[in-house]
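**Q** return a 3D structure for these sequence lines:
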Amino acid sequence: MKKAAAIGNIIFIYLVAMLPVLLMADGKNPLITFMWKRLFSRNIFVPLGILLLFGILMYLINFAFLIKVWKGTWDAWELCRLNMIVKLVQIPAYVFIFFLGLLCTVMIFTIGITLAFMLLDLFAVGMTGLFATAGFRSLKKEQKITGKMQALYSFASFLFCIDVVIAILGFKLSKPAADFHSE
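**A** As a prediction, the model looks like this:
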């Protein structure tokens, strides 16, 4: 379940990043043109609706994963490592979306696209924030962080850019003590 949640979280943000690419490639690539014409009826709301349904499914999977972690005894190192990998792998998609959103802000008629990107980004950060919360719960269970630190790190996992730093910090905190004192 943890790998399904991790992979789904990564796929979601890359699907968001692919949406404008598909729009721009319509008419230039026969496969993409076929998709827009036959599958989506040249309506942006069809792939957007599919994307949101996928996002809702991923939220449910992340909640189920969080509940499993809350009840079970999963290794904090593995959860924090996977969280860090998810956050780092998502960076190129977020950078692409950020610059495209910035470009759309400059052009007055496309500011709505920027707002849509912002909402989808918030949606994606919420998903990965839930995923990260599971790792910090495990760190608390293993007594590597306090309850206050767990709450702080979990909250920070829902904030843009800070979530990546917190994921790396969580991974470092999850390492066994022997890893820090190797000679």
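
**Q** pLDDT below threshold where in this protein?
**A** 73, 177-183 (pLDDT under 70).

**Q** show me where it has its helices.
**A** 2-25, 30-34, 45-71, 76-106, 111-141, 147-156, 162-174, 177-180 (DSSP state H).

**Q** so which elements touch the first one?
**A** Using 3 or more Cβ pairs under 8 Å, 6 or more residues apart in numbering; DSSP states H and E as the contact test, the elements touching helix 2-25 are helix 45-71, helix 76-106, helix 111-141. For glycine as for every other residue, the C-beta is placed from the backbone atoms N, C-alpha and C.

**Q** most tightly surrounded among these?
**A** Mean neighbour counts were compared across the helices and strands packed on helix 2-25 using mean count of other Cβ atoms under 10 Å; the top stretch is helix 111-141, at a mean of 20.

**Q** distance of residue 62 relative to residue 11?
**A** 13 Å (Cβ to Cβ, to the nearest Å).

**Q** and what of residue 77?
**A** Look at residue 77 and residue 11: by Cβ to Cβ, they are 24 Å apart.

**Q** and the closest residue to residue 62 other than its chain neighbours, what does it touch?
**A** Spatial nearest neighbour of residue 62, excluding adjacent residues (Cβ to Cβ, 6 or more residues apart in numbering): residue 130 at 4.1 Å. Contacts for residue 130 (Cβ atoms under 8 Å, 6 or more residues apart in numbering) come out as 59, 62-63, 65-66.

**Q** same deal with residue 58?
**A** 5, 8-9, 12, 127.

**Q** tabulate the residues you listed (a markdown table), appending distance to residue 166.
**A** Below are the contacts of residue 58 laid out as a markdown table (distance: Cβ to Cβ, whole Å):
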| residue | distance to residue 166 |
| --- | --- |
| 5 | 18 |
| 8 | 21 |
| 9 | 15 |
| 12 | 20 |
| 127 | 15 |
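
**Q** and the residues you listed, which is closest to residue 176?
**A** Residue 176 has its nearest neighbour among the contacts of residue 58 in residue 5, at 24.2 Å by Cβ to Cβ.

**Q** tell me how many other residues surround the closest one.
**A** 24 (other Cβ atoms under 10 Å).

**Q** ok, now which ones touch the nearest residue to it once chain neighbours are set aside?
**A** Leaving out its chain neighbours, the residue that sits closest to residue 5 by Cβ to Cβ, 6+ apart is residue 65, at 4.6 Å. Residue 65 makes contact with 1-2, 5, 130-131, 134, according to Cβ under 8 Å, 6+ apart.

**Q** and residue 65, how far is that from residue 3?
**A** 10 Å.

**Q** kindly report the same for residue 46.
**A** 29 Å.

**Q** need phi/psi at residue 146.
**A** Phi and psi for residue 146, reported as degrees, to the nearest 10, are phi -80, psi 170.

**Q** I appreciate the help and will end here.
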